[in-house]
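*Asks:* from the sequence below, what's the structure:
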Amino acid sequence: MENNVASIKSIPLYFKIQKRIFEIIEKGKPGDHASIAFDIFIMSLILLNVAAIILESFNAVDHELHVFFRIFEIVSIVIFTIEYVLRLWTSKLKTEASNGFVGLLKYIKSPMAVIDLLAILPFYLPFLIPIDLRFLRILRLTRIFRVFKIQRYSKSLSVIAKVLKNKKEQLLVTIFITLLLIVFASTVMYYIENEVQPKAFPNILATFWWAVATLTTIGYGDVYPITDLGRLLSAVIAILGIGLVALPTGLISSGFIEELSKNKKKVKEERIKYCPYCGKKIVKDD
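*Replies:* You can find the predicted model right below:
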């Protein structure tokens, strides 16, 4: 007991503070009120930022509250920047790397770190490099990336992220096949319909719109073939689209079932303990 107390006291204050900050900024554990309060605060700030982006799209509201929106943006950026810096500082604990620099590099490349950076980077870019005002307006749209920060605190979004990660190879194959079919269909349709409909099918790239609308079976009806051969191709592409669209849906559905099964198994294993005397399994009561 004395050795444990001595080892705790021997830990430098710097590392104690770093570990405590890591515990606070990570998803809160039951009983850690500071961490839970931080989670609620950040989630609320993210949702308020999304609400501000939506309200700014109303000219009358933006005109009346322009100064407020600007101040709120600056305050949000300061908070998100501090959060990002703290996550970089505690990245070694997050990645469990033996070296701090290695842990930092590993964390910077992670998806959530990229989202955190995209949430603040557009604000600082105009101060670092000269940017055209029209491009700056486009950059401001990247503020919507802040909504993805909430994934860190949402169990549902975390499950979706795991499913997409586990099924990424199959999904990429499906997307690649779909792109090949779109290119093929667009090319063939262009040569079939261009002579009779030069405005509707002016080039292969413009024909992509028809291919996507047909392959996904949406069929807006703004561009459609009028020749018999073109209609036949359109029918074939629409039928193939039914199967191709169903493939990603089936992959994601099976991924959800697998992830839910893993979670159930994990919960069941956590409820099972072993008797230290006889070695038999002891199941906890709910």
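*Asks:* from here on, just use CA atoms for contacts and neighbour counts.
*Replies:* Fine.
*Asks:* tally of neighbours for the residue nearest to P202 when sequence neighbours are not counted?
*Replies:* Excluding its sequence neighbours, the residue lying closest to P202 (CA to CA, 6 or more residues apart in numbering) is N194, at 6.3 Å. The number of residues packed near N194 is 17, by other CA atoms under 10 Å.
*Asks:* shaky segments in the stretch 151-286 of the chain?
*Replies:* 151-157, 266-286 (pLDDT under 70).
*Asks:* with the stretch 1-150 of the chain instead?
*Replies:* 1-11, 98, 131-143, 145.
*Asks:* and the helices in it?
*Replies:* Using DSSP state H, counting those that start in this stretch, the helices of the stretch 1-150 of the chain run over residues 2-10, 13-25, 33-56, 59-64, 66-89, 91-95, 100-108, 111-128, 133-140.
*Asks:* just the CA trace of the fourth one, in PDB.
*Replies:* Which is helix 59-64. Once non-C-alpha atoms are left out, helix 59-64 reads as follows in PDB (Å, rounded to 0.1, in the frame of the first residue of the first chain):
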ATOM      1  CA  ASN A  59     -30.900  37.600 -45.300                       C
ATOM      2  CA  ALA A  60     -33.200  39.500 -42.800                       C
ATOM      3  CA  VAL A  61     -31.900  37.600 -39.800                       C
ATOM      4  CA  ASP A  62     -28.200  37.900 -40.900                       C
ATOM      5  CA  HIS A  63     -28.700  41.600 -41.400                       C
ATOM      6  CA  GLU A  64     -30.100  42.100 -37.900                       C
END
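*Asks:* ok, residues contacting it?
*Replies:* 55-56, 69 (CA atoms under 8 Å, 6 or more residues apart in numbering).
*Asks:* now do 6 Å
*Replies:* The contact list for helix 59-64 (CA atoms under 6 Å, 6 or more residues apart in numbering) reads E56.
*Asks:* equivalent analysis for the second one, please.
*Replies:* In this structure, residues lying in contact with helix 13-25 by CA under 6 Å, 6+ apart are 35, 90.
*Asks:* and with 10 Å instead?
*Replies:* Applying CA atoms under 10 Å, 6 or more residues apart in numbering, the contact partners of helix 13-25 are 8-9, 29, 32-39, 42, 83-84, 86-87, 89-94.
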